[in-house]
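Student: with the input below, show me the fold.
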Amino acid sequence: MSNGDRTPAQVAPAQVAPADSPTLAELLTLAVGVVVVAALYLGRDVLVPITLAVLLTFVLAPLVRALRFLRLGRVPAVIAAVLVALAVLTSIGAVIGAQIAGLAADLPRYESTIRNKIDVVRDQTVGRVTRLVAHLEQLRADDEADAPAPPNAREGTAPTGSQSPAAKAPAKNGAAPESEGTTGIPSLDTLQRYVSPVLSPLATLGIVLVFVTFILLQKEDLRDRFIRLFGSRDLHRTTVALNEAGHRLSKFFLTQLALNTAFGVLVTAGLYLIGLPSPLLWGIVAGLCRFVPYVGAWVAAALPLAVAAAVDPGWSMVAWTAALFIITEPLMGQVVEPVAYGHSTGLSPVSVLIATVFWTWLWGPIGLILATPLTLCLVVLGRHVERLEFLDVLLGDRPALTATETFYQRMLAGDPDEVQDQAEALLKTRSLSAYYDEVALRGLALAASDVARGVLSPVRIRRIADEVCEVVEELDDYDDRAPRPATPEGEASPLPAEPSDEDAPPGREAPPPEARSGAWASAAPVLCIAGASPLDEAATAMLAQLLGKHGLAARTLASDRLSRVHVASLDPAGIAFVCVSLIESTGHVARTRHMIRRLRRQLPGVPVLVGLWPAGERDDGGDSVRATIGADLYVSSLTEAVNACVDAATAAAVAAPAGSPAAASAAPDQDAGEPARTAPPAALVEPAAATAGGIVPA
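Tutor: Numbers count the residues shown, from 1 in each chain. I've put the predicted structure just below:
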């Protein structure tokens, strides 16, 4: 159906459809989410030790495997690993306690330095304001003293509100205050107040180690039970999910532990050289705080800076301490971590911040440390469970929109500059023709679908087509060469396109004009015609540009120039091949068929190629469309169209008369006694040969 046959309802202005009512499944999902969050909050006293045990298991699992490799039994290997973890944690706690005790004993020596610096800071800040206010008060008092006194003023009269010191003195009843508290043995409440903060972490540590021991001993059994409960219907997907989660979490924890330990060692060594007291304490605190993403290292720098200000009468130690953190943290975060993590942890930076706030609200300081690994678990779960895919979209680092969707969305938003930035990023890994076939044409197909639904006005369609043509002009500086090697493993592509023949080579090169004969020797032997809409004009601009990059200049023509009135003005001289571009074939079949008939009357004997763009977007009615249009050749990608034109030009050059310049240039390596080779145009070869290249003959 043509544009003129559309009903008024189809060309009416687009209206936003009313929102659908939530389904029962969506309401149940929301209810389950609320229940899960409530359970996590209310059961944090039980869930926190279990979660710590599970995450510690990922750290100790490689050690257990190493001990098993040394011919140690499962039980001895697990016990040895748990004892190593206990020894490390106990040693860290003992060192922290000893360092804090030593620092507390030395604090009285720094009291005078602290007071002097406080006085200096106060004098430079609050003191300036106080002196300014006092100066203003003095000026006001001087102005009031210079003013004349009122006539009824009497000297020596006391203010009405004044009172004698005796009146201001509070009355004393002579009762002595009672002594608060009694001497003797501390009460049970006092013991509980001081002992509970020490026993509670120890109890949590004991529970965690017990859980770690049993999880390591029953690892395979717990895995099989998990598969039985949640993934027995699809063992392959469940196994892949478990393996990926285990590998990624174990690698993440070990890498993060190694990096934070190295950061703590660097801080300890730097503070020791600076001369700050208790450098080992601040190194341990810096390593532990760095488990908190983004801000942990800077929070850890606050205490050493405060101690440096208290120890050094000047400010040099504070400056050196600040410089140590300013240099070390960016070095670890921007240089070492990308290499260690493989350029990506799988999480977006915004999701890490949101997860940090969420888990801190749920579980407090422990949630602050566990936010990143727990979020990573949710992302892995979302990549393998279809109903939880929204977790991967919200929290993962993979682009939410494909390259095609981004292309069309930015065109709808009227932002061709961002589309050009996207194209330049993608052209680093693929050829220009591959970008057009995989991204641009598919984006135009999305626009054609919206046109068919009646949600795009003619003005918007024209604007989108013009903006795409502008992008095509900006990309004219790029050559259509083979793509560079693929992105290294572990590094996410900035804007991945849909799966397609990405590794397919670009189009072939045509012989030079002096080597071609007949109409192919003209300045622009290929005529590129836009089908029936402005979107077809954008596709025609892409095809003409690619043909020019492969040695075939082309001229473009809008379809309205081939109407019954204007077709007679078409000059057939120098036209050897015709390419018609169609983004949306449905609704324009009759118009295209009549246009091709008029072309055949005006250009007798010239092959006509119709491009049904893009590949993979046609339904089962494609064969009937081809049969109705009546062209000589059909292609579904720009690369195939370029190759068809190049093959026809090459065949014309090979078929040139013997002894002509075209024949000599076409076959320079031909033996003197060998007859000249001839071949028919590519558009007229037998079906078996044409179909092999993805080209469908009529």
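
Student: all strands of the stretch 401-550 of the chain, in order?
Tutor: For the stretch 401-550 of the chain, strands defined by DSSP state E, counting those that start in this stretch occupy the ranges 526-530.

Student: what residue ranges in it score low on pLDDT?
Tutor: Applying pLDDT under 70 to the stretch 401-550 of the chain flags residues 483-507.

Student: how about the helices in it?
Tutor: Assigned by DSSP state H, counting those that start in this stretch, the helices in the stretch 401-550 of the chain fall at 403-412, 416-426, 432-435, 441-453, 458-474, 534-549.

Student: would you mind finding the most buried of these?
Tutor: Most buried of the helices of the stretch 401-550 of the chain, by mean neighbour count (mean count of other C-beta atoms under 10 Å): helix 432-435, with a mean of 26. Yep, even glycine has a C-beta here, placed from its N, CA and C like the rest.

Student: who are the packing partners of it?
Tutor: For helix 432-435, the elements it packs on are helix 534-549, helix 638-654, judged by 3 or more C-beta pairs under 8 Å, 6 or more residues apart in numbering; DSSP states H and E.

Student: follow-up on the earlier one: closest to residue 308 out of the helices of the stretch 401-550 of the chain?
Tutor: Within those, the stretch nearest residue 308 is helix 416-426; the backing value is 45.0 Å (C-beta to C-beta).

Student: so what touches that closest one?
Tutor: Here helix 416-426 makes contact (C-beta atoms under 8 Å, 6 or more residues apart in numbering) with 403, 406-407, 410-411, 435, 439-440, 467-468, 470-471, 474-475, 494-495, 497.

Student: can I get the helices and strands packed on helix 432-435 in JSON lines including distance to residue 323?
Tutor: Shown next, in JSON lines, are the helices and strands packed on helix 432-435 (distance: least, C-beta to C-beta, whole Å):
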{"stretch": "helix 534-549", "distance to residue 323": "53"}
{"stretch": "helix 638-654", "distance to residue 323": "56"}
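
Student: among those helices, which is nearest residue 306?
Tutor: Across the helices and strands packed on helix 432-435, closest to residue 306 is helix 534-549 (C-beta to C-beta), at 62.9 Å.

Student: next, the angle helix 638-654 makes with the closest one.
Tutor: Using axes from the mean of the first three to the mean of the last three C-alpha atoms, to 10 degrees, the inter-axis angle of helix 534-549 relative to helix 638-654 is 50 degrees.

Student: which elements pack onto helix 534-549?
Tutor: Counting contacts by 3+ C-beta pairs under 8 Å, 6+ apart, helix 534-549 is packed against helix 432-435, helix 441-453, helix 458-474, strand 526-530, strand 554-557, strand 577-582, helix 638-654.

Student: only alpha carbons, please: show it as CSV.
Tutor: What follows is helix 534-549, C-alpha atoms only, in CSV (Å, rounded to 0.1, in the frame of the first residue of the first chain):
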residue,chain,number,x,y,z
PRO,A,534,13.4,9.7,2.8
LEU,A,535,14.9,6.7,4.7
ASP,A,536,15.7,5.1,1.3
GLU,A,537,17.6,8.3,0.4
ALA,A,538,19.8,7.8,3.5
ALA,A,539,20.6,4.2,2.4
THR,A,540,21.3,5.3,-1.1
ALA,A,541,23.8,7.8,0.2
MET,A,542,25.6,5.0,2.0
LEU,A,543,25.7,2.8,-1.1
ALA,A,544,27.0,5.6,-3.3
GLN,A,545,29.7,6.4,-0.8
LEU,A,546,30.9,2.8,-0.6
LEU,A,547,30.9,2.4,-4.4
GLY,A,548,33.1,5.4,-4.6
LYS,A,549,35.5,3.9,-2.1
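
Student: okay, now the unreliable bits of the stretch 101-250 of the chain?
Tutor: 117, 119-124, 126-128, 131, 135, 142-198, 230-232, 234.

Student: mind redoing it with 50?
Tutor: Applying pLDDT under 50 to the stretch 101-250 of the chain flags residues 154, 156-157, 159-183.

Student: for it, which segments count as strands?
Tutor: Shown for the stretch 101-250 of the chain, no strands are assigned by DSSP E, counting those that start in this stretch.

Student: still on that earlier bit, for residue 340, which of the helices and strands packed on helix 432-435 is the nearest?
Tutor: Per C-beta to C-beta, nearest to residue 340 of these: helix 638-654, 40.0 Å.

Student: for that closest one, name the packing helices and strands.
Tutor: Against helix 638-654 (3+ C-beta pairs under 8 Å, 6+ apart) you get helix 432-435, helix 534-549, strand 577-582, strand 608-612, strand 633-635, helix 661-666.

Student: averaged pLDDT, that helix. What do you get?
Tutor: Average pLDDT, helix 638-654: 87.

Student: then stretch 290-298?
Tutor: 80.

Student: can you measure across it, start residue to end residue?
Tutor: Using C-alpha to C-alpha, to the nearest Å, one end of stretch 290-298 lies 9 Å from the other.

Student: show me which residues of that stretch are buried.
Tutor: Residues 290-293, 296-297 are the ones in stretch 290-298 that count as buried (16 or more other C-beta atoms under 10 Å).

Student: which of those lies closest to residue 114?
Tutor: Residue 114 lies nearest to residue 297 out of those, by C-beta to C-beta, at 25.1 Å.

Student: look up how far residue 84 lies from that closest one.
Tutor: 27 Å (C-beta to C-beta, to the nearest Å).

Student: my guess is residue 406 contacts residue 399. True?
Tutor: Yes: using C-beta atoms under 8 Å, residue 406 makes contact with residue 399 at a distance of 7.5 Å.

Student: spatially central residue for the protein, please.
Tutor: Note on the chain: the residue nearest the mean C-alpha position is residue 397, at 4.1 Å, using C-alpha atoms, centre = their mean.

Student: can you put the helices and strands packed on helix 534-549 in CSV and add distance to residue 318?
Tutor: Shown next, in CSV, are those (distance: least, C-beta to C-beta, whole Å):
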stretch, distance to residue 318
helix 432-435, 54
helix 441-453, 56
helix 458-474, 52
strand 526-530, 70
strand 554-557, 69
strand 577-582, 69
helix 638-654, 64
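
Student: quick check: which of the ones you listed is nearest to residue 382?
Tutor: Of the helices and strands packed on helix 534-549, nearest to residue 382 by C-beta to C-beta is helix 441-453, at 25.4 Å.

Student: using CSV, write out every CA atom in that closest one.
Tutor: Output of helix 441-453 as CSV, limited to C-alpha atoms (Å, rounded to 0.1, in the frame of the first residue of the first chain):
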residue,chain,number,x,y,z
LEU,A,441,20.6,0.1,8.1
ARG,A,442,19.1,-1.7,11.0
GLY,A,443,18.5,1.6,12.7
LEU,A,444,16.7,2.8,9.6
ALA,A,445,14.7,-0.4,9.7
LEU,A,446,13.5,0.5,13.2
ALA,A,447,12.5,3.9,11.8
ALA,A,448,10.6,2.2,9.0
SER,A,449,8.8,0.0,11.5
ASP,A,450,7.6,3.1,13.3
VAL,A,451,6.6,4.6,10.0
ALA,A,452,4.4,1.6,9.3
ARG,A,453,2.8,1.9,12.8
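
Student: who does it touch, helix- and strand-wise?
Tutor: Helices and strands touching helix 441-453, by 3+ C-beta pairs under 8 Å, 6+ apart, are helix 403-412, helix 458-474, helix 534-549.

Student: tell me which of these approaches residue 482 most closely.
Tutor: Among those, the nearest to residue 482 by C-beta to C-beta is helix 534-549 (13.0 Å).
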